[in-house]
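>>> Here's a sequence, model it:
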Amino acid sequence: MDMVKARAPHAAPASSLRPLIAIVMDTAVSFDREIVAGAAQYAREAGDWRLYVEEEPRLRLPNLQSWHGQGILASFNDPAIVEPIIAAGVPVVAVGGIAAHDPASGIPLVATDDAAIAALAAEHFIDRGLRNFGYYGRLPSSTARWSERRGDAFIQRLAAAGFGCQRHTASQGPNDWAGLQGTLGDWLAALPKPAGVMACDDSCARHVLEACQARGIRVPHDVSVVGVDDDELVCELAVPPLTSIRQATRRIGHEAARLLDRLIRGGPDVVVPLETRIPPVGIVARTSSETLAVADPEVARVIETIRTRACGNLDIEELAAVYGLPRWKLEKRFRECVGHSIHDDIARVRLAEAERLLRGTGLPLKAIAPRAGFRSVPYMITVFRRRHGITPARFRKLERGRDIVTADDEQTGSSP
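Residues are numbered from 1 along each chain as shown. Below is the predicted model of the structure:
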C-alpha cells in the first residue's frame, strides 16, 4: 500500500491546542452531508476537535490568509479550491468527490470503492439468473469520472463470470429531458430481455425506470434495475421502488477524520495510506430487482411458492410433493435453472425478510427470527454471519446510518 508522509503543520503541536478543522464539503448534497456526519462522529470521539463547516457554497472555503486552523477535510470536486487548500500549509485529507485530486500531490485520499460497488450489482443480477446486462452512466465530465469507473468495473466483473454487457452513456444533460429519455428508451428497447441494468447512481436509475415506463418495458420482469447511494426518498418514491447499493459514507468521513488526526498529532515523521477505498455497506433490495429469470415453468412456480411461503414452515419435501416430482429431480432442475439449491433460495428469502424487519422495525431478534422463518435466534445469527460477515445487531446499526461500529457490536447477537 502506498503511504504518504505528513505535511508539517504551521501551527503549534497538537498536544498544546484544540485542533480547528475546516470541512470543505457541499452540505446541500446528501452524499457530502453523510460524510460530514461521519467526520463529526470522529470529532465527538476525539473530544477536543473544533469544526468549521460553512453551509453557504461560496463561503465553504475559509479565508486561509486569516484562518489559523490545523487541518482540512475537503471534497476535491472543484479544481478552484485545490490550489488554495494545498497552499494553506496544513495537513489535508481529500474525501468523497475527487475529480480534481492528483495522487502526485501527496494528499491522502479516502473515497468510495467503485469496483466493490460494481461487483455487488453484478453479483445481485447473476444470483437472479439474469444473463443479459447493461450499464447506464452519466454524461461524461471532469466531475463524473466515478461513473466511468463504475461502468468499467461492472463490465469487468461480468466478463470474469463469462457475460457481456452493453453500455449506454447519456449524451444529454438532465435539462434536455426529452432527448435524454428518447436515446435512453431506444437503448433499453434494444437490450436483449430479460436484462439487468446497473445505473451509476439513484438519479440515473430513476431515468431508467421512467424510460421503461414510457416504452412499456416491464420492471423487473423485462428489465431489472439497481442504482447506487440508497437515497431513501428517491428509492421509495420511484415506480417501482428502487433497489440500490448503500455506500458507507459515514465511514468515509470517520476514516478521513481519523487519518487527518494522525497527520496533525503525529509530527513530521508520521505516515498514512496515500489512498483508502471504503467498500459499500450492502445492497438494499426493493421491487425493481425482484425477479428470477428461468425458462422452466415448473421451476418458476417453485420460485413463486418460495417467495410467498418461505417464512413459514416450508421445506423441500413439501415442495416436491406439491409439484408431484421426486425431490432429487426437483433439486436437479432447480439448480440447473437458477444456479443454486432450493435450500439456498429459501434461506435467501428468509434473510431478506429478516433484513427488512431489522431495517424498518424496532422488534427484538427473538421476535424477528420466527417471523422470518428461522427456527431460533442463534441460527439466524449464524446464517447472517455466513452471508454478510456481520451480526444482525451490526446490520441494524449500519442500516440506521451508524457506519462506525465498535468491536463489542461484533460479539453480541442481541438487538440494540
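>>> bridging residues for Leu20?
Arg50 (DSSP bridges).
>>> Assess the claim that it and Tyr52 are in contact.
Yes. Using C-beta atoms under 8 Å, Leu20 is in contact with Tyr52, at 6.4 Å. All C-beta spots, glycine's among them, are computed from the backbone N, C-alpha and C.
>>> Now do Arg327 against Phe334, distance only.
Counting by C-beta to C-beta, to the nearest Å, the separation of Arg327 from Phe334 is 10 Å.
>>> Of those two, which one has the most company?
Phe334 (26 against 13; other C-beta atoms under 10 Å).
>>> give me the element the more buried one is part of.
Assessed by DSSP states H and E, Phe334 sits inside helix 327-338.
>>> For Ala111, what is the enclosing helix or strand?
Assigned by DSSP H and E, Ala111 belongs to strand 109-112.
>>> who are the neighbours of that strand, in terms of helices and strands?
Strand 109-112 sits against strand 92-95, helix 249-265, strand 275-278, with contacts defined as 3 or more C-beta pairs under 8 Å, 6 or more residues apart in numbering; DSSP states H and E.
>>> Going by neighbour count, which residues in the biggest helix by length in the chain are buried?
Using DSSP state H, we find that the single longest helix of the chain is helix 342-360. Under the neighbour-count criterion of 16 or more other C-beta atoms under 10 Å, helix 342-360 has 342, 345-358 buried.
>>> With only the CA atoms kept, save stretch 19-33 in CSV.
Extracted in CSV, the C-alpha atoms of stretch 19-33 (Å, rounded to 0.1, in the frame of the first residue of the first chain):
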residue,chain,number,x,y,z
PRO,A,19,-7.4,21.3,16.7
LEU,A,20,-9.5,23.6,14.5
ILE,A,21,-10.6,21.6,11.4
ALA,A,22,-12.2,23.0,8.3
ILE,A,23,-14.6,20.7,6.4
VAL,A,24,-15.0,21.9,2.9
MET,A,25,-18.0,20.0,1.5
ASP,A,26,-21.3,20.7,0.0
THR,A,27,-23.7,20.0,2.8
ALA,A,28,-26.7,20.5,0.5
VAL,A,29,-25.8,17.2,-1.2
SER,A,30,-26.8,14.1,0.8
PHE,A,31,-23.6,12.2,-0.1
ASP,A,32,-21.4,15.0,1.3
ARG,A,33,-23.7,15.6,4.3
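>>> Let me see the mean pLDDT of it.
Average pLDDT, stretch 19-33: 87.
>>> what does stretch 370-387 give?
Mean pLDDT, computed over stretch 370-387, is 92.
>>> where along the stretch 1-150 of the chain do the helices fall?
Counting by DSSP state H, counting those that start in this stretch, the segments of the stretch 1-150 of the chain that form helices are 30-46, 79-87, 114-127, 145-160.
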